[in-house]
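# Task: produce atomic coordinates for the following.
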Amino acid sequence: MTSSAANSNRSLSKIATKRLQKELVEWQVNPPAGFKRKVSDNLQRWIIEVNGAPGTLYENERFELQVDFPEQYPMEAPQVIFLHSAPLHPHIYSNGHICLDILYDSWSPAMTVSSVCISILSMLSSSTVKQQPEDNDRYVKNCRNGRSPKETRWWFHDDKV
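Predicted coordinates:
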């Protein structure tokens, strides 16, 4: 069973459920610009459409994020990956894994789905090149069999993109 499949079989804690219900209401009232959540009754997995920001390399491009919430959300970060064809970006691997510190080491329970989405859009918008990470092929090969990006020991060293 893959990590994401195992994750979706667990139930959310009461705290996580209450928090996600609150975030969902806030999203419906005030969604972050450039994002649209696909309607679903699955509170533990959100599929979010991302529109590339105007004036950036990704203008007029659309991508999908899959956000899987762990049982202990918001104390533990959600797993966020790009679906289908991930954007060509120095911090986004072709398997959809995202190298962004707030999804791992710098996660804070004060963060929300909206703030994560805004950070991802900011990361996309600030890119000056459309290219895969230098170690893409090696990383993707090592992630076969459903390995979660949360199992990776990321090295956050490039704050230019």
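# So residue 104 versus residue 139, what's the distance?
14 Å (C-beta to C-beta, to the nearest Å). For the C-beta atoms, the positions are set from N, CA and C on the backbone; glycine is no exception.
# likewise residue 26?
34 Å.
# ok, those two, which is more surrounded?
residue 139 (19 against 13; other C-beta atoms under 10 Å).
# Setting aside sequence neighbours, what's the nearest residue to the residue most central in space within the chain?
When C-alpha atoms, centre = their mean is applied to the chain, the residue found nearest the centroid is residue 80 (2.6 Å). Nearest non-adjacent residue to residue 80, counting by C-beta to C-beta, 6 or more residues apart in numbering: residue 67, 5.2 Å away.
# need the next SSE after the helix or strand harbouring the one you found, C-terminal direction.
In the assignment (DSSP states H and E), residue 67 maps to strand 62-68. Scanning forward in sequence from strand 62-68 by DSSP H and E, the next helix or strand is strand 79-82.
# Quick one: list the elements packing against that next one.
Using 3 or more C-beta pairs under 8 Å, 6 or more residues apart in numbering; DSSP states H and E as the contact test, the elements touching strand 79-82 are helix 3-9, strand 62-68.
# quick one on the thing from earlier: tell me how far the residue nearest to the centre of the chain lies from residue 52.
Taking C-beta to C-beta, one finds residue 80 at 17 Å from residue 52.
# Check residue 112 too.
22 Å.
# secondary structure class for the nearest residue to residue 111 once chain neighbours are set aside?
Spatial nearest neighbour of residue 111, excluding adjacent residues (C-beta to C-beta, 6+ apart): residue 102 at 6.4 Å. Using DSSP: H, G, I helix; E, B strand; the rest coil, the structure places residue 102 in helix.
# Right, I'll leave it there.
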